[in-house]
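[1] Structural data only, the sequence is not supplied:
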């Protein structure tokens, strides 16, 4: 079995070689690794060392490392390289990765680098497209077959064009105007009678995507239809490029991390445990200040009831239940709704059905939990009315939580704000504020009114 | 561009055809769709209709639908079919999917179905492996090449063996004992000199995985090294089967949903917005009862301070800040740690560094927020001491939140409980309980002591 755990050890050896200023040994160690491992080892090195080591590696390995590094790290390293070295390395990168890197670099540096890159013609058109669209994901390096050539011609074309491409599984077929007309797999070409024309055995029902489509929708489409490559077209069906499966996996992972982070109150998906405390703080503190602001709404609501609390301090003792349990229920509903929206299972179309379901669940949960909480208050404090107040408040709060957990993310989705981003704060604010309001209003009327 | 939005319309038409009892029309409509769309339309139909419609479709489409359906739905449909129909359909399924289905069905039904399946020899060995391991993910249908055959022989072998397989991108190479010795891509075979032997141009450094490896680790390995197919071996390096990229994408999506759900307090990842309210309740209510139990810990802590609150009701008004802001900070840290553990960025090895970082961030956040909260209390209530108490408590609570947000998930990870499952409840319990305890202890000493 392939051993993935020895990266630490290799990193140690690389560091030792660098301390000994034995650059040959460091190069040898890094070049023996696979690209993702090379990048892992590389990104642990100090920036100075990175820029010194990269030009010493063979350009293919350097290109792989630049492709695998985080965008910011890659730009940092690239901008410190000599123009010659940079051009040499970019020449070995996949055109889409090269375009991403050049597009993010300082424009003057990118222009100089581009001027001495052989494959600039492959990269230049890709610079036009938005990073967040299908056009920004596509690459131009795939083989394109004309519909009228034979299987034998196709194979000899592949032999000529692509001595080292490893990602040619689907071959896209175009007509005289380079409009997409079909797809064949390499296997089909190999198995076809060598004289038969591509158009005779290609699949004309090719799934394609407009260059302007959002990249997450693009990745979901590829995952849904299990596509290893997706052709990108313009409004007139001209083939512009191809998106490969590795980009799909990367976009999906990025999106999941983004959703998980946003639901957890970390608004910047580039923040990971490895990012410096300073950047962490800049990303997370504003979010906590926002949370403080929304908590202040509850504080203001509570301040209206200061007299009630002063008269009956036992009421405050049940606050954790009032805020906690309905908050948890709201988060459950929110999580299911947000994930459903992301996976396309929930939409405004079936929103009413989802709402009805969650209100029913809120009612059922509320009945069970309300009775439980009421009994606890009754048995513990021996006051039937207190039990009733706490129980009824819990019931109403859980119904409100079900309502907020659906309405808030769905509303965000409709006004095109990411539901995972804004919903958690809003739902918590609603369940908290409504929770305290309902509980203390009932308490004031029932308990204080009667005392 | 391929239109993905017309499923609703087609579903409407299928329903209409079924209402009219026009089965031919329904079959025609479903057969015109791509597999994931067929499954989407199919799963919206009532169970009776599903079992009636499935045998009418051509077996390949039926097989695709069974493969795409949720496991539970697939078993339900399969168990209602006539044995003949079932065998005919399973014959067309991928061996791994067939093994999954048969393994989940009632054993007697599975045995009867297996006895009349042509490709039983492909399916039987797969039944041995655990669903949660690499062995459970693998399929047996790929081409295997002997190391000593020529490129031309390989191509003619592929032509004979695989008239319709669409997933042969990597071909795995074995020796006389069927031990894995290398890999070639179909492109390499096509481009090689037709007389050269496979062993001359194959890549001997093939990444493989033991059948017993956890399926999530397997999927992460495939994503990391960008593998379209991963060979599965036993302890003696014998090739057992191959895992294809579609299984990788499915496992990763399942895992992300599981993590998102568990962080959001939905312990069962099969629950989606589409699942019946009854099942939802069975999954979610116990979790809320657990939350109620942990909230009771805070309630008990608060009850120790009932006298303090009775003397100074204004203290209770700041509860939402005490519990809310440190809860949010704890959730932020928890989210980053859990995601880091899932992606392999955090481990017990670098746990101390992560903890130090989070304590620093907690300190910095705490200073800023503590001063803010203190100022709000001071300005609003005009009591400097109250401002000091609320501010210092906020500072200490944020440091505690940073501590709990790292220690809890890391501890779970070490004792091999999924951090995403148990951590949110524990972290919230800790931040809440400690929050109230710290706040009210300081308040009792400083404010009540001095009043």
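    That came through fine. Keep in mind that what you see is a predicted model, and the values were worked out from it rather than measured.
[2] residues contacting the residue nearest the centre of chain A?
    Centroid check for chain A by C-alpha atoms, centre = their mean gives residue A:255 as the closest residue, at 1.4 Å. Counting by C-beta atoms under 8 Å, 6 or more residues apart in numbering or on different chains, residue A:255 makes contact with A:216, A:219, A:342. Where you see a C-beta, it was placed from the backbone N, CA and C, and this is true even at glycine.
[3] Doesn't residue A:159 lie inside a strand?
    No: with DSSP: H, G, I helix; E, B strand; the rest coil as the criterion, residue A:159 is located in helix rather than a strand.
[4] Residue A:318 against residue A:390, yeah?
    Yes: assessed by C-beta atoms under 8 Å, residue A:318 is found in contact with residue A:390 at 5.3 Å.
[5] Quick check: neighbours shared by the two?
    With C-beta under 8 Å, 6+ apart, residue A:318 and residue A:390 have common neighbours A:373, A:377, A:439.
[6] May I ask you to confirm that the second one is in contact with residue A:392?
    No: taking contacts as C-beta under 8 Å, residue A:377 lies outside contact range of residue A:392: 11.1 Å.
[7] Confirm that residue A:181 lies within a strand, as I assumed.
    Yes: assignment of residue A:181 by three-state DSSP places it within a strand.
[8] Now do the contacts for the closest residue in space to residue A:87 that isn't next to it in sequence.
    Distances taken as C-beta to C-beta, 6 or more residues apart in numbering or on different chains place residue A:116 nearest to residue A:87, at 4.2 Å, with adjacent residues excluded. Applying C-beta under 8 Å, 6+ apart, we find residue A:116 in contact with A:83-84, A:87.
[9] And for residue A:360?
    Residue A:360 neighbours (C-beta under 8 Å, 6+ apart): residue B:277.
[10] Recalculate using a threshold of 10 Å.
    Counting by C-beta atoms under 10 Å, 6 or more residues apart in numbering or on different chains, residue A:360 makes contact with A:399, A:402, B:277-278, B:280-281.
[11] Please apply the same query to residue A:158.
    Contacts of residue A:158 by C-beta under 10 Å, 6+ apart are A:143, A:145, A:165, A:168, A:171, A:186, A:189-190, B:187, B:190-191.
[12] Rank those residues by pLDDT and give me only the lowest.
    Note: of the contacts of residue A:158, the lowest pLDDT belongs to residue A:165, at 56.
[13] Residue A:45 - that's part of a helix, no?
    No: secondary structure of residue A:45 (three-state DSSP): coil, not part of a helix.
[14] Identify the spatial nearest neighbour of whatever residue of the stretch 301-450 of chain A ends up closest to chain B, chain neighbours not counted.
    Closest approach between the stretch 301-450 of chain A and chain B, counting by C-beta to the nearest C-beta: residue A:335, at 2.7 Å. Once flanking residues are discounted, residue A:335 sits nearest to residue B:264: 2.7 Å by C-beta to C-beta, 6+ apart.
[15] what's the answer for residue A:302, then?
    Residue A:302 sits nearest to residue B:317 (C-beta to C-beta, 6+ apart), 4.4 Å away.
[16] in terms of contact, does the one you found touch residue A:304 like I think?
    Yes: when contacts are counted by C-beta atoms under 10 Å, residue B:317 is listed as touching residue A:304 (9.5 Å).
[17] what sits in contact with each of these two?
    In contact with both residue B:317 and residue A:304: residue A:436, using C-beta under 10 Å, 6+ apart.
[18] related to what we said a few turns ago, helices - which of the contacts of residue A:360 land there?
    A:399, A:402, B:277-278, B:280-281 (DSSP state H).
[19] export these to a markdown table and tack on pLDDT, neighbour count and distance to residue A:56?
    Below are the ones in helices among the contacts of residue A:360 laid out as a markdown table (pLDDT from 0 to 100; neighbours: other C-beta atoms under 10 Å in any protein chain shown; distance: C-beta to C-beta, whole Å):
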| residue | pLDDT | neighbour count | distance to residue A:56 |
| --- | --- | --- | --- |
| A:399 | 94 | 22 | 66 |
| A:402 | 92 | 27 | 61 |
| B:277 | 75 | 15 | 63 |
| B:278 | 79 | 11 | 64 |
| B:280 | 77 | 24 | 59 |
| B:281 | 81 | 16 | 63 |
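[20] ok, of these, which one's closest to residue B:9?
    residue B:277 (27.9 Å; C-beta to C-beta).
[21] residues contacting that closest one?
    A:356-361, A:363-364.
[22] Turn these into a markdown table, including pLDDT.
    Output for these, formatted as a markdown table (pLDDT from 0 to 100):
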| residue | pLDDT |
| --- | --- |
| A:356 | 90 |
| A:357 | 89 |
| A:358 | 89 |
| A:359 | 92 |
| A:360 | 91 |
| A:361 | 90 |
| A:363 | 93 |
| A:364 | 92 |
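[23] Please indicate which of those residues has the highest neighbour count?
    residue A:358 (29 neighbours; other C-beta atoms under 10 Å in any protein chain shown).
[24] that older thread, tell me which of residue B:317 and residue A:304 has more neighbours.
    residue B:317 (25 against 14).
[25] quick one: pLDDT of that one?
    90.
[26] quick one, helices of the stretch 151-300 of chain A?
    Along the stretch 151-300 of chain A, counting by DSSP state H, counting those that start in this stretch, helices occupy A:151-161, A:186-191, A:198-201, A:215-224, A:245-263, A:277-304.
[27] closest to residue B:416 out of those helices?
    helix A:245-263 (21.1 Å).
[28] and the closest one, how far from the chain's centre?
    With C-alpha atoms, centre = their mean, to the nearest Å as the basis, helix A:245-263 stands 3 Å off its chain's centre.
[29] What angle do helix B:215-224 and that helix make with each other?
    Going by axes from the mean of the first three to the mean of the last three C-alpha atoms, to 10 degrees, helix A:245-263 is angled at 120 degrees with respect to helix B:215-224.
[30] Could you give the average pLDDT over helix A:245-263?
    84.
[31] Check which helices and strands the one helix or strand residue A:27 maps to is in contact with.
    For residue A:27, the host element (DSSP states H and E) is helix A:23-31. On a contact count with 3 or more C-beta pairs under 10 Å, 6 or more residues apart in numbering or on different chains; DSSP states H and E, helix A:23-31 meets helix A:7-19, helix A:35-43, helix A:47-53, helix A:59-68.
[32] Okay, buried residues for the last one please.
    Put plainly, it is helix A:59-68. Neighbour-count burial for helix A:59-68, counted by 16 or more other C-beta atoms under 10 Å in any protein chain shown, picks out A:59, A:61-68.
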